[in-house]
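Participant: Below: sequence and its predicted model.
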Amino acid sequence: MPLVTVTTRKGKTAAFKTAVLEGVHQALVASGVPQSDRFHRVLELDEEDFRFDPRYPDLASDRSKDFVLIEILLSVGRSVKIKKKILADLIENLQRAPGLDPEQVLVCFKETSWENWSFGGGRQIHV
């Protein structure tokens, strides 16, 4: 169960946020995540609460107000090959809709053990 968090600056339209979340989700589905496994959230922050370096570490152009930070929390076990596929699909999807420049997208994969998930009712189905 990936948990997706997208952080943006305030002022993005519902259509923009939906397109980003859908682009991320479809990349995850293409890597084997079930279509119905959708747990997403959007954090919108004021400029003073969302600070970032314009070019770190080696961007071709400056980050702008369109910059999005995408955190994907996954259970351990996905290979580097699968993560590369997710990244490639995600970037392709976000270029198509909402039309994001790939330089405006930072993705961070975070992994946790299977026993750290309870999908409801306090049940740990993977232990």
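Facilitator: The structure has been received and is ready for your questions. Quick caveat, the model's predicted, so the values are computed rather than measured.

Participant: hey, let's count contacts and neighbours off CA atoms from now on
Facilitator: Fine.

Participant: all strands for the chain, in order.
Facilitator: Using DSSP state E, the strands found in the chain span residues 3-9, 40-45, 68-75, 105-112.

Participant: what's in contact with the third one?
Facilitator: So the one you mean is strand 68-75. By Cα atoms under 8 Å, 6 or more residues apart in numbering, the list of residues contacting strand 68-75 from outside reads 1-9, 104-114.

Participant: Strand 3-9 and that strand, what's the angle between them?
Facilitator: 170 degrees (axes from the mean of the first three to the mean of the last three Cα atoms, to 10 degrees).

Participant: buried ones in strand 68-75?
Facilitator: Of the residues in strand 68-75, 68, 69, 70, 71, 72, 73, 74, 75 count as buried by neighbour count, 16 or more other Cα atoms under 10 Å.

Participant: Kindly report the same for the second one.
Facilitator: For strand 40-45, burial by neighbour count (16+ other Cα under 10 Å) applies to residue 44.

Participant: What pairs with that strand, parallel or antiparallel?
Facilitator: If you go by DSSP bridges, strand 40-45 pairs up with strand 3-9 (parallel).

Participant: Name the residues of the partner strand that are buried.
Facilitator: For strand 3-9, the neighbour count (16+ other Cα under 10 Å) marks 4, 5, 6, 7, 8, 9 as buried.

Participant: how distant is that strand from the center of its chain?
Facilitator: Distance of strand 3-9 from the chain centroid (Cα atoms, centre = their mean, to the nearest Å) equals 6 Å.

Participant: same deal with stretch 3-14?
Facilitator: Remark: stretch 3-14 is offset 10 Å from the chain centroid, using Cα atoms, centre = their mean.

Participant: average model confidence for it?
Facilitator: What stretch 3-14 shows for mean pLDDT is 97.

Participant: Residue 100: neighbour count?
Facilitator: By other Cα atoms under 10 Å, the residues close to residue 100 number 19.

Participant: brain fart, residue 49
Facilitator: 9.

Participant: before we move on, what about residue 57?
Facilitator: 7.

Participant: Then residue 31?
Facilitator: For residue 31, the number of neighbouring residues by other Cα under 10 Å comes to 16.

Participant: got it, and residue 29?
Facilitator: With neighbours defined by other Cα under 10 Å, the count for residue 29 comes to 16.
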